[in-house]
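Enquirer: Below are the sequence and a predicted model; questions follow.
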Amino acid sequence: MENKSIKFEQYREEYKEFHFKKYLVYDDKNAIYMQFIFDIPGLVSFNPKLKILKKNFKFKDIKSQYVQNMVFHIGMIELISYWKSTCSPNVIIECGYLNQEQINWWKKLYFYGLGELFYTNNIETNINDFMKIKCTTEENNITYDKIDDFSDGYIIPIGGGKDSVVTLEVLKVDRKKDYTLIINPKKTTLECAKIAEFDSNNIIEVYREIDSNLIELNKKGFINGHTPFSAMLAFVSYFIAYLLSKKYIALSNENSANESNVVGKKINHQYSKSFEFECDFEEYSNKYLKAPVKYFSFLRPLNELQIAKIFSRLDKYHAIFKSCNVGSKEKEWKWCCNCAKCLFAYIILSPYLYKNKLVSIFGEDMFENKALLSIFIELTGKGETKPFDCVGTFEEVNFAVSKTIENIQEQKKELPYLLKYYKENYGLVETKNDITKRYNEENNLNKEQNEILRKEVF
């Protein structure tokens, strides 16, 4: 683990301020464009961009104060990806106003959303001192549009993995009137939408461009690490739901996203996928964005194993879905079969698809890969930390592993390397108490949505 704690103090002394100077929103016949201008005096300026394709969508006009306020908020979440390079102690907002309650809200999101970054870089700080936010503009009383034309329709963000596929298939949506949303589309994500019978005109495509100056700072060894991408998705999808007058944004974050990666500490790779953030965002958007838009996770009542069980029946997606971050960087998105996310996906599907179907999906039997032992140990909760990736809970992993071992033993077949290691060193957990029959009532689904999902479980 590289120690950047010295650089943290050095950069904060050398680059005391980070400025959010300006945001722009404009359009032409093809797209809506956003630009954000950030500046670290004495070091570098950044100009990240977003583009939303118009296609034949009936977007609201973008010239209102209401839209300006939403774009400013998208800039506030983009900010954190650039601020982290130097962790400047003072953040100066020059193009918008936040009251103290809002400042506290953003500081909470930034602090816990960067929990993994602070931990992996050995940075010791606290929520009070890691940054001070100051706005140089006066409060602007926003005139909110009359918004009484919203339908009960859905926007479903998809990322190409099993979770959003399950939402696409289980949630009762109108393929002709509702939408999927994809940020930086790839062949896999577009194919998942098309297999779900959404045509191109019901696929919202958003293109997010990272400023090249940030990439250069990363190469030079400035502070780098995980940022809360799902929080960016929250604000962007909310903005698009407003433009399209759609009431629901249905995420696919499961109950497992709430678990910390470090025992005894609130350090969660998936913080912006957690129920806590979901509720915080709902409260904030109701008070400060004020569109009749409901942002919620349809799969929040379920755990990863329940989602895997449902997905195992959706054969038409098995050859196309992907969840590997390493493989996503390749020209053709693939499973690298060498990371925690790949191994977790293999484990969680194994009670239902092992062995031939899983091997056909991943290209190899990952349970035979001895090089994955250390990751396997971490996933089962026997290591110091849980892998910093979007993976399930220790309970789910141990249940899935034990269930797969039982299935193999019932067939009187030899256990593969990792499962043999698990049985010999840890023994099996009890599987009679089926965790796929649970339903977490702590969720933001309405009655109809709960009824739809319950039918899949019970």
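Expert: It's in. Residues are numbered from 1 along each chain as shown.

Enquirer: residue contacts, L98?
Expert: 106, 133, 135 (Cβ atoms under 8 Å, 6 or more residues apart in numbering). Yep, even glycine has a C-beta here, placed from its N, CA and C like the rest.

Enquirer: count of residues packed around the nearest residue to V170 once chain neighbours are set aside?
Expert: If the residues on either side of it in the chain are set aside, V170 comes closest to E456, at 5.5 Å by Cβ to Cβ, 6 or more residues apart in numbering. By other Cβ atoms under 10 Å, the residues close to E456 number 15.

Enquirer: Let me know the distance separating the residue most central in space within the chain from I195.
Expert: With distances taken as Cα atoms, centre = their mean, S230 lies nearest the centre of the chain, 3.7 Å away. Going from S230 to I195 by Cβ to Cβ, to the nearest Å gives 24 Å.

Enquirer: sec struct for the closest residue to K186 other than its chain neighbours, please.
Expert: In this structure, K186 finds its nearest non-sequential neighbour in W333, 5.5 Å apart by Cβ to Cβ, 6+ apart. Under DSSP: H, G, I helix; E, B strand; the rest coil, the three-state class of W333 is coil.

Enquirer: pretty sure W333 is touching S323, no?
Expert: No - counting by Cβ atoms under 8 Å, W333 does not reach S323; the two are 9.7 Å apart.

Enquirer: who's more crowded, the two?
Expert: Comparing W333 with S323 by other Cβ under 10 Å, the one with more neighbours is S323, at 22 against 18.

Enquirer: How about the contacts made by the closest residue to that one other than its chain neighbours?
Expert: Nearest non-adjacent residue to S323, counting by Cβ to Cβ, 6+ apart: G161, 4.0 Å away. Counting by Cβ under 8 Å, 6+ apart, G161 makes contact with 321-323, 345.

Enquirer: G161 and L168, how far apart?
Expert: 11 Å.

Enquirer: try K266
Expert: K266 is 32 Å from L168, by Cβ to Cβ.

Enquirer: Which one of these two is surrounded by more residues?
Expert: Taking other Cβ under 10 Å, K266 and L168 do not tie; L168 has more neighbours (24 against 12).

Enquirer: For the more buried one, what is the enclosing helix or strand?
Expert: Assigned by DSSP states H and E, L168 belongs to helix 162-170.

Enquirer: and the helix or strand following that helix, how far from the chain's centre?
Expert: As assigned by DSSP H and E, the chain's next helix or strand after helix 162-170 is strand 179-183. Chain-centre distance of strand 179-183: 14 Å, with Cα atoms, centre = their mean, to the nearest Å.

Enquirer: can you check stretch 320-335 too?
Expert: Centre-to-centre, stretch 320-335 and its host chain are 16 Å apart (Cα atoms, centre = their mean).

Enquirer: which stretches of this protein form strands?
Expert: For the chain, the strands defined by DSSP state E cover 17-27, 31-40, 44-46, 49-53, 90-93, 132-135, 151-157, 179-183, 203-209, 246-251, 294-297.

Enquirer: just to revisit the earlier point, show me the common contact partners of W333 and S323, please.
Expert: In contact with both W333 and S323: G160, using Cβ under 8 Å, 6+ apart.

Enquirer: Kindly state the beta-bridge partners for I183.
Expert: V206 (DSSP bridges).

Enquirer: could we number from 36 for the rest of this?
Expert: Yep, numbering from 36; the last one is I218 now.

Enquirer: isn't it right next to L268, touching?
Expert: Yes - assessed by Cβ under 8 Å, I218 is found in contact with L268 at 6.6 Å.

Enquirer: which neighbours do these two share?
Expert: P192.

Enquirer: Please state the offset of the longest helix along the chain from the chain centre?
Expert: Across the chain, the helix with the greatest residue count (assigned by DSSP state H) is helix 100-118. Here the centre of helix 100-118 is set off from its chain's centre by 18 Å, with Cα atoms, centre = their mean.

Enquirer: Pull out the buried residues from it.
Expert: 101-118 (16 or more other Cβ atoms under 10 Å).

Enquirer: Okay then, goodbye and thanks.
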